[in-house]
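Asks: Following is a predicted model, sequence given first.
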Amino acid sequence: MRLIPTLLFLTFGLSAVLAQDPKAGAPAPMSEEVRKMLLEARDLRVKQRYEEALEKLDAIEKIAPNLADLYALRGDIHLAPRRRDFDMALQQFEKAAQLQPGSPLPQFNLAEFYFVKHDFATALERFTKLTTDFPKLPMVIRHLVHYRRVLCELKLGHRPAAEQIIADQFTFMDDTPAYYFSKAALAFDTGNQAGASDWIKRGLQAFKPGDCEAYYDAFKELRWVPDMDFAPEAAAPKKP
């Protein structure tokens, strides 16, 4: 499958965009060599070649030991479904947070860590704090945060709170699939598999598959859906 989880989606290219808090220090300078190595490590992680990706990150650490992206990606690898080393993942995410104390990026990753661990109370607290500490997050990130809040509220049995978040934050006219996947979550919560599938299909009709993966990935973490590859099918070879 082609795996693009939320944590990996947030690892590269967004640090500058997300650094809204004046207390957030400037990201550690990154040489072109290190950036290239990070991208190579990311690609290896996407291909689920975890050991090779970790070796690449170890090499990066020797060159740039204070680079938060390094620890964020390493934590993501340890949190991958086929590894799930929670202790190692948490250690790496906390290290990234220490290096970027005023940035929402590592705080999102820590909140997501608790979501994946099914500690929904802690995840909800952290995601909610993100919305208050960083009210001007870009929509693509802000909607992911509120969407995770919806899921946490549902798993905690707080359906009215989840419905209120949806009413306050999302509409079908948004530039993200949050509305559709939140509606699917409400259906899953009542055991309405057909209704949930219909909302997912609507989301996929309205948005590109790549825009939906982070939302669908959360359903996999909750065991609501099977694994699914959003990559387009390869064209069949032409007959001679």
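Replies: Yes, it's here. Residues are numbered from 1 along each chain as shown.
Asks: I figured Pro177 hits Gly203, correct?
Replies: Yes: contact criterion C-beta atoms under 8 Å: Pro177 and Gly203 qualify, at 4.2 Å. The C-beta positions use only the backbone N, C-alpha and C, and glycine is treated the same way.
Asks: Phe188 versus Val150, what's the distance?
Replies: Counting by C-beta to C-beta, to the nearest Å, the separation of Val150 from Phe188 is 11 Å.
Asks: more neighbours, those two?
Replies: When neighbours are counted by other C-beta atoms under 10 Å, Val150 comes out ahead of the other of Val150 and Phe188, with 29 against 21.
Asks: quick check: mean pLDDT across the helix or strand encompassing the more buried one?
Replies: Of the helices and strands defined by DSSP states H and E, Val150 is found in helix 139-155. The predicted model assigns helix 139-155 a mean pLDDT of 96.
Asks: For the residue nearest to Phe113 when sequence neighbours are not counted, give me its contacts.
Replies: The shortest distance from Phe113 to any residue that is not its chain neighbour, by C-beta to C-beta, 6 or more residues apart in numbering, is 5.6 Å, and that residue is Phe93. Phe93 makes contact with 71-72, 75, 106, 109-110, 113 under the criterion C-beta atoms under 8 Å, 6 or more residues apart in numbering.
Asks: and which of those residues is nearest to Asp43?
Replies: Each of the contacts of Phe93 was checked against Asp43 using C-beta to C-beta; the closest is Ala72, at 15.7 Å.
Asks: Setting the sequence-adjacent residues aside, check what's closest to the closest one.
Replies: Using C-beta to C-beta, 6+ apart and skipping the chain neighbours, the partner closest in space to Ala72 is Ala96 (4.5 Å).
Asks: So that neighbour sits against Pro106, correct?
Replies: Yes: the pair formed by Ala96 and Pro106 meets the contact definition of C-beta under 8 Å, at 4.3 Å.
Asks: Can you classify Gln48 by secondary structure?
Replies: With DSSP: H, G, I helix; E, B strand; the rest coil as the basis, Gln48 sits in coil.
Asks: how close does it get to Arg83?
Replies: 10 Å.
Asks: how far away is His143 from Met37?
Replies: As judged by C-beta to C-beta, His143 and Met37 stand 31 Å apart.
Asks: These two: which is more packed in?
Replies: Neighbours of His143 and Met37, each counted by other C-beta under 10 Å, are more numerous for His143; the result is 23 against 19.
Asks: distance of the more buried one from Val116?
Replies: In this structure, His143 and Val116 are separated by 19 Å, where distance is defined by C-beta to C-beta.
Asks: Likewise for Lys56?
Replies: Computed as C-beta to C-beta, the Lys56 to Val116 distance reads 23 Å.
Asks: any residues touching stretch 218-229, and which ones?
Replies: Counting contacts by C-beta under 8 Å, 6+ apart, the residues outside stretch 218-229 that touch it are 1-2, 6, 115-116, 147-148, 151, 155, 181, 184-185, 188, 196, 200, 216.
Asks: ok, of the residues you listed, which come out buried?
Replies: Taking 16 or more other C-beta atoms under 10 Å as the criterion, what is buried in these is 6, 115-116, 147-148, 151, 155, 181, 184-185, 188, 196, 200, 216.
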